[in-house]
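[1] 3D, please:
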Amino acid sequence: LRRWPVVHLDAPPGVPKLLGAEPLDLVRLCLPRRAFPYARFDVAGIEHVPRRGPVIVAANHRSYFDVVAVGLTVLEAGRHPRGLAKKELFDAPLIGPLMAAAGSIRVDRQGDPSAALAEAEQALHAGECLVVMPQGTIPQGEAFFDPHLSGKTGVARLAAATGAPVVPLGVWGSEAVWPRSSRLPRVANVAHPPTVRVRVGPPVRGLTGGDARADTEVIMGAIADLLPPEGRLPRIPTAEELARTMPPG
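    Numbers count the residues shown, from 1 in each chain. The predicted structure follows:
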């Protein structure tokens, strides 16, 4: 009545709640897999995502559609995915407010990443499920087809600082739904939708907690092991395949 601010201590700052539910609860109800008829989902291993407590879900990055594939997988595992995303997305008119309402963490790739890491560490201490794509962005050109996945050390450092388990997740085929060369997903492809394959593995073992680069190699290797056989073999892409890995224009 006095218009005091309402603070929900069971959700990240900026995440609204109504009758105990937050926007991601509505997403779980309103956006099941069948809400995307232009893609088929082949998902396995969601039991490896713990239902409670801090966890880092580390995934590879092949397409803009990865956000949907990974997000739906984590939601089906019973968790709210708190993602790290570049600040440019938060500045977009429609997407930005939606990401903020979902509890996503803004990452300034041109500035100091320590602020985003501190916020991510705080989320893990609060028992959240953090979703990170260590590659940072979709690889371009021949790097897209490299079976060796390279990643930044943020996941390893967060795991060392918080003790949170790292659960690897491998995505394959999402580039057929929304290639990087396209500004929009191929929503008209409902007669023969491509299959997006998602595999979740058990928590990564063998992390030292002291050597971030070595731990990152272990994490990226665990993600690569979840890809199909063709994703673990080197090959020479065609000119058309290379073009689909580049941004529009």
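
[2] Please enumerate the helices of the chain.
    Assigned by DSSP state H, the helices in the chain fall at 23-30, 66-76, 87-90, 95-101, 114-125, 154-162, 174-177, 212-224, 239-244.

[3] Mind putting the ones you listed into TSV with distance to Pro37 and mean pLDDT?
    Quick note: C-beta positions are derived from backbone N, CA and C, even for glycine. Below are the helices of the chain laid out as TSV (distance: least, C-beta to C-beta, whole Å; pLDDT from 0 to 100):
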stretch	distance to Pro37	mean pLDDT
helix 23-30	15	77
helix 66-76	13	93
helix 87-90	25	73
helix 95-101	21	73
helix 114-125	33	88
helix 154-162	33	95
helix 174-177	11	95
helix 212-224	28	97
helix 239-244	22	93
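
[4] Turn those helices into CSV, including distance to Gly136 and mean neighbour count.
    What follows is those, written out as CSV (distance: least, C-beta to C-beta, whole Å; neighbours: other C-beta atoms under 10 Å):
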stretch, distance to Gly136, mean neighbour count
helix 23-30, 24, 14
helix 66-76, 13, 22
helix 87-90, 13, 16
helix 95-101, 17, 15
helix 114-125, 12, 17
helix 154-162, 9, 21
helix 174-177, 17, 24
helix 212-224, 12, 19
helix 239-244, 20, 12
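
[5] could I get those helices as CSV with distance to Phe41?
    As requested, the helices of the chain are arranged in CSV below (distance: least, C-beta to C-beta, whole Å):
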stretch, distance to Phe41
helix 23-30, 15
helix 66-76, 7
helix 87-90, 23
helix 95-101, 21
helix 114-125, 26
helix 154-162, 24
helix 174-177, 10
helix 212-224, 18
helix 239-244, 21
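
[6] Report the buried residues of stretch 34-41.
    Using 16 or more other C-beta atoms under 10 Å as the test for burial, stretch 34-41 gives 36, 38-39, 41.

[7] average pLDDT for it?
    Stretch 34-41 shows a mean pLDDT of 93 in the predicted model.

[8] For it, C-alpha coordinates in CSV please.
    Coordinates of each C-alpha in stretch 34-41 appear next as CSV, following Å, rounded to 0.1, in the frame of the first residue of the first chain:
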residue,chain,number,x,y,z
ARG,A,34,6.0,-29.3,-29.8
ALA,A,35,5.9,-25.5,-29.8
PHE,A,36,8.8,-25.7,-32.3
PRO,A,37,7.3,-27.8,-35.2
TYR,A,38,10.3,-26.8,-37.4
ALA,A,39,12.7,-28.9,-35.2
ARG,A,40,12.7,-32.4,-33.7
PHE,A,41,14.4,-32.9,-30.4
